[in-house]
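# build me a model:
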Amino acid sequence: MIVFPNAKINLGLYITAKRPDGYHEIQSCMYPVPLCDALEIQIAKKNRFESSGIPIPGNPDDNLILKAYRLLKKDFPDLPPISVHLHKHIPMGAGLGGGSSDAAFALKSMNTLFELYLEDWILEDYAAQIGSDCPFFITNRPRLVSGRGEIMQDSSLNLSGKWILLIYPSIHIGTKEAYAGVRPRPIDTKLEECLQKPSQWKSCLKNDFEESIFPNHPKINILKNELYHSGAFFAAMSGSGSSVFGLFEKEPPQTAIEVSNFSFRTQL
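Okay, here's the model as predicted:
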């Protein structure tokens, strides 16, 4: 079985409180983007994980896809081993949720492959044990998220016909660095209301991570400003960075920043 786990962007990202369990409370709107990895899962004689494309650091046995398998195996002990091949195309440490998407698509694939017939809400429970962004990719549609990312409600936001230009400047932002500089505070805007007024996004949508990430990595802020100079009606860092994206009413002009960085452009 071959599937294509996709990335996501954040439209607004607010860190509202520090939780007793060490996580942070957030509010955001996550939106799927068709920048994809390729994932193949087959029934095998023993567990095997291979990858190609962007190198994946660390022990392959610790990959989130195998973590997803082990979660299912715990509740369904008769599951056979799997052979996994992941072609990595979504940049890592970029705020695009690529690893979470791989794990979520693995859960969905194994649900089909093993004929488990688990409903989406059950798969979301498994996904929440893997990572905060992971449950979003089970249904993979625009959603307002809160809690640590696992509380979701559908959003009516529709960016069909708009263009996105996404830039990754090859700067890896780890979770520890991202959260080290945030100052949790209550949200001062009604996110759902703001999302209904794209012409006001530049003034009413904010990514709280930018406040601490931009001083440490000025290039990311420069890229955001370049996107606005290129005609974007909204530009922001996605997640905890370091990728930035611009949204355009029409296809944006080719720019030097695309040549010097990883870039992805498409009509949504």
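# and the gap between the most centrally placed residue in the chain and F105?
The centroid of the chain falls nearest to G97 when counting by C-alpha atoms, centre = their mean (2.4 Å). Distance, G97 to F105, by C-beta to C-beta, to the nearest Å: 11 Å. The way it works is simple: take the backbone N, C-alpha and C, and place the C-beta from them, glycine included.
# now do the shared contacts for those two.
F137 (C-beta atoms under 8 Å, 6 or more residues apart in numbering).
# so which residues of the stretch 51-200 of the chain form helices?
64-75, 98-113, 120-128, 136-139, 175-180, 191-195 (DSSP state H, counting those that start in this stretch).
# if we go by neighbour counts, what in the fifth one is buried?
This means helix 175-180. Going by neighbour count (16 or more other C-beta atoms under 10 Å), the buried part of helix 175-180 is 177-179.
# kindly report the same for stretch 156-168.
Those would be 157, 159, 163-168, for stretch 156-168 by 16+ other C-beta under 10 Å.
# now do the same end-to-end measure for it.
One end of stretch 156-168 sits 28 Å from the other (C-alpha to C-alpha, to the nearest Å).
# next: stretch 193-213.
Termini of stretch 193-213 sit 27 Å apart (C-alpha to C-alpha).
# and H217, how many neighbours?
A total of 18 residues lie near H217 under the criterion other C-beta atoms under 10 Å.
# burial measure for G93, as a count.
22.
# quick check: closest non-adjacent residue to it.
In space, and not counting its chain neighbours, G93 is closest to H172: 3.5 Å by C-beta to C-beta, 6 or more residues apart in numbering.
# cool, K18 as well?
P184 (5.3 Å).
# just give the closest residue to N225, not the sequence neighbours.
Closest to N225 by C-beta to C-beta, 6+ apart is A235, at 7.9 Å.
# that neighbour belongs to a helix?
No - if the criterion is DSSP: H, G, I helix; E, B strand; the rest coil, then A235 is strand and not within a helix.
# residues contacting it?
A235 neighbours (C-beta under 8 Å, 6+ apart): 224-225, 227-228, 244-247.
# beta partners for it?
A235 has these beta-bridge partners by DSSP bridges: G246.
# measure it to L247 for me?
7 Å.
# what does L64 give?
Applying C-beta to C-beta to L64 and L247 gives a distance of 29 Å.
# ok, G12 next?
13 Å.
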